[in-house]
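Colleague: Using only what follows, build the 3D model:
(2 chains)
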Amino acid sequence: MACLVRSWIPLLFLQSFLVAIAFGSNEGEEFSEELLLKPLPDRKVLAHFHFENRAPPSNSHGRNHHLFPKAISQLVQKFRVKEMELSFTQGRWNHEHWGGFDPLSSMNAKPVGVELWAVFDVPQSQVDISWKNLTHALSGLFCASINFLESSTSYAAPTWGFGTNSDKLRYGSLPREAVCTENLTPWLKLLPCRDKDGISALMNRPSVYRGFYHSQRLHLSTVESGQEGLGSGIVLEQTLTVVIQPETTSVETNMQPSWSLSSLFGRKVVGSCVLAKSSNVYLQLEGRLGHESKNVDTEIEAHKLWMNSDFDLSLKPDRVIRESSSLLFIFDIDKSSDSEPFDLGLTWKLPSKWSCEQAPLHASRFLMGSGNERGAIAILLKATESQEKLSGRNLTTDGRCTIKANIFQIFPWYIKVYYHTLQIFVDQQQKTDSEVLKKINVSPSTDKVSSGMLEMMLELPCEVKSAAISIEYDKGFLHIDEYPPDANQGFDIPSALISFPSHHASLDFQEELSKSPLLSSFKEKSLVRSYTEVLLVPLTTPDFSMPYNVITITCTIFALYFGSLLNVLRRRIGEEERFLKSQAGKKRGGLKQLLSRLTAKIRGRPIEAPSSESPAAESSFLSSKLIFKIILVAGAAAAWQYFSTDK
Amino acid sequence: MAEEQNKKPCRFWIWASASVVFRLILISFPGNLNLSSRPEVSTPLTSIRRLAEGYWLKQASMSPYAGSMYHGSPLLLSVLGPLTVQRIKGQPSHLLCSLVFVIADILSAMLLRGIGQKLQMAYGLNARLLGFFMDKVILPCGDIAALVYFWNPFTIVSCVGLSTSPIENLAVILALFGAVTRRVPLAAFGFVMATHLSLYPATLAIPIIIILRYGLDAPPIKLFLQTRSVENEKSSTSTVSKQAKSKQTTHLPFLWKTVAHFLFWVLLWSLYVLVLCALSLNKYGGLEEMFKRTYGFILSIEDLSPNIGVFWYFFAEVFDFFRNFFLIVFHVNVLFMLLPLVIRLKHRPCFLAFVYLAISSILKSYPSVGDSALYLSLWALFVNELVDMKFSFFLFCGYLGISLLSPVMHNLWIWRGTGNANFYFGNAIGYACFQIVFVVESVSAMLNHDRALRRSSSNHGEVKS
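Modeller: All right, here's what the predicted structure looks like:
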């Protein structure tokens, strides 16, 4: 009995220990789900899903996760990722109508295809290896060809142009990657409730992919605990931004379409994800609504705000928050249930118009020139309406008002850029580099080894109307194996990133907020950035069908060169002269001469003086020699055959 | 006769200055000729745009070889680089560079004329030595070669088209001129510079050493011995035999001393060039980087952009695992013919130099018309010997046709997209074939000329006896 007790005690200890570990490590793990809805000026609706999963710092050994996806934490541990962002995007963000100067657009307007950047916490020499391994791991995790970013020709190491200053940063993008539901499913798998419950249940695939723009993003950052022995915490932020056109029945063109969640997504929210700490839905109305705030009784005013002469909300918001230019309605979906699903709707009663705040300069990029030999890339920065408002903010020491713009651009190696041809035009007048170019950093591309990168900082006067940058390039010629199967479609140049380092976007909430990760991230100042279009460059193709012809014809030319030159050099003077003498000395019959010429041709020797033998004898001698040769060759062949089969 | 001789140089100078004026007119044309981006004119090695890019990179305190743009010499960069940046208001952007190339062309032509005059003198002397009576006029091959160089469309195009090949050609011609006039340091300098600029003139070491050892082009030595023996038998008091006797001591000297002198100077100059290169590339990887980016680039044929050679398409199409094999085979082909040629043509070192240059311009990794211009004008030095060359009209038509068709095919393929790569490659194949026929026929004509000399000298001997 004592023995039994003795054997039980350690087990009990162990059990209690395990339980303690299990619950202890879960303590700080938090998951929250949020959805921001925002009607856009051009009769579309933006839905921004935001999921945040936090794993607190803990011992790196024996980490056990309750909510946090294990795949991600393993990724972070293995490759020592400090910060990482992966986005899958289809469609192009419309900066003019959907906004360019708010945190939502500066964080979620992404280039087409896949974009990945990561900062590593490893020694400088191992960064590239970590990057390669990371791309492979992510490729498997998200069912995408992210592994193409492994090759050094497809990624770059931006120094300051990207916004994050780190020498351990790597950036790569795949403009041609087709983003579809097979990428969304693994992304949803990382959520504790998947798309079964809570807000994510809204993600009906046909309605998401029917939209004008969708971008799924995964942002990882590690938080140093600062304590000894503890690892670092991880914050995983997953967002899906969709722009959908609501189906409208009204014929009035200037009337904003009315919509509800069920009409947008074909689904309703039935309860929140039970594992989420908070699940909120926000509705942001921008523009003219902000100025209506008066010092009236808040209760009445709140009612007025969501049911007024302009529009109706189908549900009563739990809170209303004012921002400098917009209103934010907050709904808590915990109250909804099966019998009473959450189905927020917005009905417009009067036509309304507003505009979104735009970035100081609108960037677009295009190709110049024709033909497949060379061309030029031009980036055009055009002043937007919001520029007047912004001007005067950034006075330099000498009192001039300037706008700073960073341009970051990756060139694939087959776009051979001549950096000395960089030209900058401000308001259609060419400027020298020293006038507007503040900083430039170039890393030229090496053929088949590395891609080129251009970072530059422009300092433009505030009153600028347009600025254009052009740079010339030659198109490279690739080996036949380096072309993709659809070679004639052309090659994509990844988007350029234009960021405005002296401008920061943030939502300025007047009230103190509850702990909402989405809103607090909006409150933080974020760099204003916009991506340009992806460019399609057609490259010349060789003839894919004839490598053999090319090889044989070229080798024939070499044979011609070698053979004929050697033949000329080999001809002997003496023999020739003897031949000439014999020709001059003896005039023979036509037939005889022909015969001797023929034999000479056959034997490959100059014609000799005819011997005393009769032609018949000579021919028999020749034939016997010929027979001997044939027998020799046949014997050799037979021997070869015999020995080779023997082995 | 004297009047005519006076007139001729006069006419030569008129034509030469006319060609210079023609060039000046062309370069002061605004840049819409776009010759500098023609694949026939500028290769990755000789393109001035790439040189400007290298200079820009160097000014931005980066290695000029960073990226895959510039593959030329660092010395050329420091000479021509500043000229690519400087602009004169209202003038085409690369005017100063063009002027440098025009000057290089003038110098080359003058040196060619000098070589030609030496060769002409030697030809006359040898003919007299062999005892031929002048039944035909010796053509002034120097003037002809210089005029061919001046007026060859290929030369004009590569001069106006801003490729650095005029400078490479100048270095080659300088080496030959130095050897012909027995200025050993000059010959060594030209040789080292030419090799430094484009690697292939390294083969010229053999002809230059032969020139320095044996002297200029002459009929085979056997002939002289034969003539001498005949003459000696006939009469020992004749003046011709006296000359031959005196020749006996001067014609076959083993001038090892000159050769050693040459090698010493080559060593000295190459050390000098290397030190200069190392100094200018001090911060950017040094000489190792330079060799990798210049000679390595030439030998490994990394750039597959179209040119008038056949390699680019071959290596764009060949399977990757055969690439190294074919690289070796093709480069060895340049070297294979060196020995047979030197055995058969050792009595004609200048002609040997021409053949070597022609071969390397056929088998070059990145050939341009500038290389053809060089060997074509060298060919004109031997008009006296090569008058009986076969197929010359056919070859002329071939060269003409190719140079007209090549831009058309390029335009069809690259700019219009209506043709495909085979059009242009077919053109390149045709060009290679014509060049091969040209070289083979020239060698054959030269050997036939020697044969004819021997025959006539033996006839001559027979007649005399």
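Colleague: What are the neighbouring residues in contact with the closest residue to chain B within the stretch 151-300 of chain A?
Modeller: Nearest to chain B in the stretch 151-300 of chain A, going by CB to the nearest CB, is A:Thr153, at a distance of 11.8 Å. Every C-beta, even on glycine, is put in place using the N, C-alpha and C of the backbone. Under the criterion of CB atoms under 8 Å, 6 or more residues apart in numbering or on different chains, the neighbours of A:Thr153 are A:Pro412, A:Trp413, A:Ser445, A:Lys448, A:Val449, A:Ser450, A:Ser451.
Colleague: Mind picking the two most distant members of these?
Modeller: Between all members of those, the longest pairwise span (CB to CB) is found for A:Pro412 and A:Val449 and amounts to 11.8 Å.
Colleague: Compare neighbour counts for these two and give me the winner.
Modeller: Each of A:Pro412 and A:Val449 has its neighbours counted (other CB atoms under 10 Å in any protein chain shown); A:Pro412 has more, 17 against 13.
Colleague: just checking, that one touches A:Leu478?
Modeller: No - applying CB atoms under 8 Å as the test, A:Pro412 and A:Leu478 come out as separate, 10.5 Å apart.
Colleague: any chance you could map the helices in the stretch 101-250 of chain B?
Modeller: Read by DSSP state H, counting those that start in this stretch, the stretch 101-250 of chain B holds these helices, from start to end of the chain: B:141-151, B:153-160, B:165-180, B:184-198, B:205-214, B:221-234, B:239-251.
Colleague: Could you look over these and pick the most buried one?
Modeller: With neighbours taken as mean count of other CB atoms under 10 Å in any protein chain shown, these reach their highest mean count in helix B:165-180, at a mean of 27.
Colleague: helices or strands next to it in the packing?
Modeller: Judged by 3 or more CB pairs under 8 Å, 6 or more residues apart in numbering or on different chains; DSSP states H and E, helix B:165-180 is in contact with helix B:95-130, helix B:153-160, helix B:184-198, helix B:205-214, helix B:349-363, helix B:369-379.
Colleague: Specify the angle between it and helix B:153-160 in degrees.
Modeller: Note on geometry: by axes from the mean of the first three to the mean of the last three CA atoms, to 10 degrees, helix B:165-180 and helix B:153-160 are set 120 degrees apart in direction.
Colleague: gap between helix B:165-180 and the chain center?
Modeller: Once both centres are worked out by CA atoms, centre = their mean, to the nearest Å, helix B:165-180 turns out to sit 8 Å from its chain's centre.
Colleague: between it and helix B:349-363, how many degrees?
Modeller: Inter-element angle recorded for helix B:165-180 and helix B:349-363: 160 degrees (by the same axes, to 10 degrees).
Colleague: for the record, mean pLDDT for helix B:165-180?
Modeller: The average pLDDT within helix B:165-180 is 94.
Colleague: Equivalent analysis for stretch B:342-353, please.
Modeller: With pLDDT averaged residue by residue, stretch B:342-353 scores 90.
Colleague: tell me which element B:Met69 is part of?
Modeller: Secondary structure from DSSP states H and E places B:Met69 outside every helix and strand.
Colleague: who are the neighbours in contact with it?
Modeller: By CB under 8 Å, 6+ apart, the contact list for B:Met69 reads A:Lys416, A:Tyr418, A:Pro444, B:Arg50, B:Glu53, B:Gly54, B:Leu57.
Colleague: give me that answer again for 7 Å
Modeller: Contacts of B:Met69 were listed using CB atoms under 7 Å, 6 or more residues apart in numbering or on different chains, and they are A:Lys416, A:Pro444, B:Arg50, B:Glu53, B:Gly54.
Colleague: Among those residues, which lie within strands?
Modeller: Secondary structure of the contacts of B:Met69 is defined by DSSP state E; positions in strands are A:Lys416.
Colleague: Among the contacts of B:Met69, which are located in helices?
Modeller: Secondary structure of the contacts of B:Met69 is defined by DSSP state H; positions in helices are B:Arg50, B:Glu53, B:Gly54.
Colleague: From those residues, pick the one nearest chain A.
Modeller: The closest of the ones in helices among the contacts of B:Met69 to chain A turns out to be B:Glu53 (CB to the nearest CB; 5.1 Å).
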